[in-house]
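In: Give the three-dimensional model of this entry:
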Amino acid sequence: MAVKLENEFLCVEIAEMGAEVTRIYDKTEDNEILWEGNPVYWKRHSPVLFPNVGKTYKNRVLINGTQYPTSQHGFARDNVFTCIEAANEKASFMFRSSEETKEVYPFDFELHINYKLNKKELTVEWQVKNCGDETMYFTIGGHPAFRFAKPEETKADYVLKVPGKEKLEYVLIDISCLQRMHL
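Out: Just a heads-up that it's a prediction; the model follows:
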């Protein structure tokens with residue numbers, strides 16, 4: 001099932017599976033913004049990456065002395081979220097830990113994702129709540145795939161802007177540190 005947000009500028013659809021935005025349609029330009037999810041190339045549109053972004057070393061992580069298996073980009077994108085609010089221009093979804101998630105990520109948590117339309121802008125807010133007493137380690141991210149508006153366009157025709165940031169930094173983990181930890 002999908003939740004639909006709509007105003008005079010945009011139509012947005014969000015699936016309960018992964019609370020993933022599956023469609024952004026620009027009404028004023030008659031243009032689909034997101035990748036259509038063609039499984040021949042890539043079946044997703046804009047998955048939420050949690051509790052890890054990317055791959056972990058040897059597909060596992062050491063937490064409090066215990067090794068846990070991980071999958072690329074975590075498990076949130078492959079789980080059904082509960083829609084806890086849906087209106088014309090906003091929606092909220094929630095996913096919480098379970099016995100199944102604790103087999104690969106030993107923390108009690110709630111992940112809330114809020115979407116809000118404001119004219120031609122879709123705002124996404126992630127809130128991670130630690131429901132336990134110990135420090136909870138995680139990373140979170142988005143992986144949206146955008147379409148070119150016209151066949152002759154290329155990546156060079158587009159600019160990704162992050163409000164308040166002139167330059168984005170890319171931080172790599174020092175693999176030798178991980179190897180010393182015997183991961």
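In: Which residue lies nearest the spatial centre of this structure?
Out: The chain has Val48 as the residue nearest its centroid, 1.5 Å off, counting by CA atoms, centre = their mean.
In: What is the burial count for the residue nearest to that residue when sequence neighbours are not counted?
Out: Among residues not flanking Val48 along the chain, Ala76 sits closest, at 5.2 Å (CB to CB, 6 or more residues apart in numbering). Using the backbone N, CA and C atoms, a C-beta is placed for each residue, glycine as well. Neighbours of Ala76 under the rule other CB atoms under 10 Å: 24.
In: and Ala76, what does it touch?
Out: Gly18, Ala19, Pro47, Val48, Leu49, Phe50, Pro51, Phe95, Leu111 (CB atoms under 8 Å, 6 or more residues apart in numbering).
In: picking up where we left off before, if I look at the residue nearest to the centre of the chain, how far off is Leu10?
Out: 19 Å (CB to CB, to the nearest Å).
In: residue ranges with poor pLDDT in the chain?
Out: For the chain, the stretches with pLDDT under 70 are 172-183.
In: redo that, cut-off 80
Out: Within the chain, the stretches with pLDDT under 80 are 148-150, 160-161, 168-183.
In: just the helices in it please.
Out: 99-102, 175-180 (DSSP state H).
In: which residues touch the first one?
Out: In other words, helix 99-102. So helix 99-102 is in contact with Phe75, Asn79, Asp108, going by CB under 8 Å, 6+ apart.
In: CSV please, covering the residues you listed and showing distance to Gln127 and neighbour count.
Out: Conversion of these to CSV gives the following (distance: CB to CB, whole Å; neighbours: other CB atoms under 10 Å):
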residue, distance to Gln127, neighbour count
Phe75, 18, 18
Asn79, 17, 19
Asp108, 15, 16
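In: which one among those gets closest to Lys120?
Out: Distance to Lys120, by CB to CB, is smallest for Asn79 among those, at 30.4 Å.
In: and the gap between the closest one and Lys43?
Out: 16 Å.
In: and what of Asn88?
Out: According to CB to CB, Asn88 and Lys43 sit 29 Å apart.
In: Give me the spatial nearest neighbour of Thr70, chain neighbours excluded.
Out: Thr56 (4.5 Å).
In: burial of that neighbour, as a residue count?
Out: 19.
In: Test my guess that it contacts His73.
Out: No. Contact criterion CB atoms under 8 Å: Thr56 and His73 do not qualify, at 10.3 Å.
In: so what's the closest residue to Lys4 other than its chain neighbours up against?
Out: Leaving out its chain neighbours, the residue that sits closest to Lys4 by CB to CB, 6+ apart is Glu13, at 5.4 Å. Contact analysis of Glu13 by CB under 8 Å, 6+ apart lists Ala2, Val3, Lys4, Leu5, Val21, Thr22, Arg23.
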